[in-house]
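> Give me coordinates for this.
(one chain, ligands or ions: 1)
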Amino acid sequence: MSEFTLDQLRERVRGAIITPGDDEYDDARAVYNAMIDRRPRVIVRAADAGDVMAAVDYARENGLDLAVRGGSHSVPGFGTCDDGVVIDLGGMRGVRVDPVRRTARAEGGATLGDLNHATHAFGLATTGGIISTTGIGGLTLGGGMGYLARKFGLTIDNLMSADVVTADGRLLVASEKENEDFFWALRGGGGNFGVVTSFEYRLHSVKDVYGGPIFFELDEAETVLRFYREFIASAPEELGGFPAFQIAPPLPFIPEGRHGDTFIIMVACWAGPLAEGERAIKPIRDVAPVVAEFVGPMPYPALNSAFDALVPAGLQHYWKASFVKDLTDASIAAHLQHGPRIPTMNSALHIYPINGAVQRVPSDATAFAYRDANFATVIAGMWPDPADNEANIEWVRDYYAATAPHSEEGAYINFLSGDDQDRVRASYRGNYDRLVDVKRTYDPGNLFHLNQNIKPEAVAGEAATAA
Ligand SMILES: Cc1cc2nc3c(=O)[nH]c(=O)nc-3n(C[C@H](O)[C@H](O)[C@H](O)COP(=O)(O)OP(=O)(O)OC[C@H]3O[C@@H](n4cnc5c(N)ncnc54)[C@H](O)[C@@H]3O)c2cc1C
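Predicted structure coming up:
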């Protein structure tokens, strides 16, 4: 029997502790993906690392499931659980920028919007995602891809250190110099190794960028995708962005009669000298007649939040993903078959470029193994009405089935669904066995198992299906 009671937890914790019956319980248990409806026994809204240590001890001592929540964006809903403990880091969002060293230290529950806002004041930024409400916690631990990746690498390539509460309730500092194996595993290993209470990032000179979305007619999709394949292979690394199938939202820059139509779009982000932006993006504008665009100079955080309104909290989510080495003609044909059928304005098909600086890091230098892939594709089904679940999930699955034969076995773990656990090993390829070793050292009881899970009991080299 555990000696660690809820009353003792309340004594150790400074933040709020919420349990069923409390007025704020339903708000506190809700996560971003409204398809996930779970009822935790205890939600700890951590105020600091001490609270996190107490909550980890409480879950472990009582043999309870433990979910960790940063920005809450996990599509599989890893940030909550039934009848267990949730550590909600949403109250820990502080960011401190050191403009001289060009670093930022951000608490584990900060969002990309928090990080970008704080660093932008100094004309600095680091690689993050494309939606500002995404948490830096989950995004960083999985790898972190976004507009700046071709120039500055993944988010983990800019991670200098992390403060982490481990399964035994200690706080460890992980960096290239301290607990190096642990630091290696954190960079891509997801939430498997502990609760990160703060991340320290390297920053770069990025203030205003030149970019935005450019809409082309759907029957130009083949031309656009073939162009993208060639262009992005050798485009200057300051250029980020991606092609997407997108239903036009009712925005003023899109002709009113075209709202609700489906387009192939290119989203561009030039992070080099502003004066060169127009020239850098010209090849994209020239690829086909432009129907609508919202392109120009803008603060980096503005581009980073430009699509937030399309993906508010409370939608239903089901996603599939793959890494892709070559966007072959057959692969493009599969996109042309399924992309135009995109079912809702919220949904997205994105093909992110991960060449350039991402590929200059060796595949075994961090846990993120697919450094030889050129693209990370995500088929993100997002829709408001649960009545449409079946049709939308079917679109995602059919699309994935058509593209999978032209893709790698593994995918970016942050884009995988809850039913993708059998792809975790493939997603880490040759790094998986070392991850198992680190897991055995730091979390032998698999306390942190609500994630794309690396199981400590898997014997190195044994088949994934046996795990
Ligand atoms: C709309 C949308 C857009 C996205 N765009 C991008 C993108 O552009 N680029 C990209 O790379 N990814 C993107 N993602 C994927 C995103 O990286 C993952 O969903 C990620 O898990 C979100 O992290 P979070 O902290 O918001 O999520 P949460 O649900 O809070 O956390 C997910 C999991 O991450 C772990 N975790 C989170 N914080 C911590 C922490 N501090 N310490 C330890 N473990 C932690 C836990 O295992 C947790 O269960 C997007 C997701 C969504 C829904």
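
> all strands of the stretch 101-250 of the chain, in order?
For the stretch 101-250 of the chain, applying DSSP state E, counting those that start in this stretch gives strands covering 103-107, 124-125, 159-165, 171-175, 195-202, 204-205, 208-216, 239-247.

> With respect to the ligand, which of those lies nearest?
Nearest to the ligand, of all the strands of the stretch 101-250 of the chain, is strand 195-202, at 3.7 Å by Cβ to the nearest ligand atom. Bear in mind the C-beta positions are built from the backbone N, C-alpha and C, glycine included.

> and the residue of the stretch 151-300 of the chain found nearest the ligand, what is it in contact with?
Nearest to the ligand in the stretch 151-300 of the chain, going by Cβ to the nearest ligand atom, is Gly191, at a distance of 2.1 Å. Contact analysis of Gly191 by Cβ atoms under 8 Å, 6 or more residues apart in numbering lists 68, 78, 137-138, 141, 448, 450-451.

> Looking at those residues, which are in helices?
Of the contacts of Gly191, the ones assigned to helices by DSSP state H are 137-138, 141.

> sorry, back to before: while we're on the closest residue to the residue of the stretch 151-300 of the chain closest to the ligand other than its chain neighbours, how confident is the model there?
Take Gly191 and drop its neighbours on the chain: the residue closest to it by Cβ to Cβ, 6 or more residues apart in numbering is Asn451, 4.0 Å away. The model reports Asn451 with a pLDDT of 98.

> Use 711 as the first number from now on
Sounds good: first residue 711 from here, last item Asn1161.

> Number of residues surrounding Asn1161?
Number of residues near Asn1161 (other Cβ atoms under 10 Å) recorded here: 23.

> hang on, isn't it packed against Phe788?
Yes: using Cβ atoms under 8 Å, Asn1161 is in contact with Phe788, at 5.2 Å.

> how far is stretch 1125-1139 from where the chain is centred?
Centroid displacement of stretch 1125-1139 relative to its chain, using Cα atoms, centre = their mean, to the nearest Å, is 14 Å.

> how many other residues sit next to the residue in the stretch 911-1060 of the chain that the ligand sits nearest to?
Per Cβ to the nearest ligand atom, Val1021 is where the stretch 911-1060 of the chain lies closest to the ligand, at 4.2 Å. Neighbour count for Val1021, taken as other Cβ under 10 Å: 20.

> Arg811 too?
Neighbour count for Arg811, taken as other Cβ under 10 Å: 11.

> Around the ligand, pick out the residues from the chain.
Counting by Cβ under 6 Å from any ligand atom, the chain comes close to the ligand at 777-785, 788-789, 799, 818, 839-841, 844-845, 847-849, 851-852, 854-856, 900-901, 905-906, 1021, 1124, 1160-1161.

> Which members of these are classed as buried?
With burial judged by 16 or more other Cβ atoms under 10 Å, the buried subset of the residues of the chain next to the ligand is 777-785, 788-789, 799, 818, 839-841, 844-845, 847-849, 851-852, 854-856, 900-901, 905-906, 1021, 1124, 1160-1161.

> from what I can see Gly1024 touches Ala744, true?
Yes: in this structure Gly1024 lies within contact range of Ala744 using Cβ under 8 Å: 4.8 Å.

> Tell me which of these two has more neighbours.
Neighbour count, other Cβ under 10 Å: between Gly1024 and Ala744, Ala744 has more, with 15 against 11.

> thought that one was touching Val1021?
No: contact criterion Cβ under 8 Å: Ala744 and Val1021 do not qualify, at 12.0 Å.

> Could I get the full set of helices for this structure?
With DSSP H as the criterion, the chain has helices at 716-722, 735-739, 759-771, 822-830, 846-852, 859-862, 890-896, 931-944, 987-995, 1010-1013, 1039-1048, 1099-1113, 1134-1138, 1142-1152.

> which of the ones you listed sits most buried?
Neighbour counts (mean count of other Cβ atoms under 10 Å) averaged over each of these peak at helix 846-852, with a mean of 29.

> before we move on, back to that, can you pull the contacts of the residue nearest to Gly901?
Contacts of Asn1161 (Cβ under 8 Å, 6+ apart): 788, 900-902.

> what does Val997 give?
Neighbouring residues of Val997 by Cβ under 8 Å, 6+ apart: 926, 930, 933-934, 937, 976.

> ok, so of those, who is nearest His830?
Using Cβ to Cβ, Met976 comes nearest to His830 of those, at 24.4 Å.

> Am I right that that closest one is in contact with Ile994?
Yes: Met976 is in contact with Ile994 according to Cβ under 8 Å; the separation is 5.1 Å.

> Which among the strands of the stretch 811-960 of the chain is found nearest to Phe963?
That would be strand 918-926 among the strands of the stretch 811-960 of the chain, by Cβ to Cβ, at 8.9 Å.

> which helices and strands does the closest one pack with?
Using 3 or more Cβ pairs under 8 Å, 6 or more residues apart in numbering; DSSP states H and E as the contact test, the elements touching strand 918-926 are strand 949-957, strand 972-980, helix 987-995, strand 1000-1003, strand 1006-1009, helix 1010-1013.
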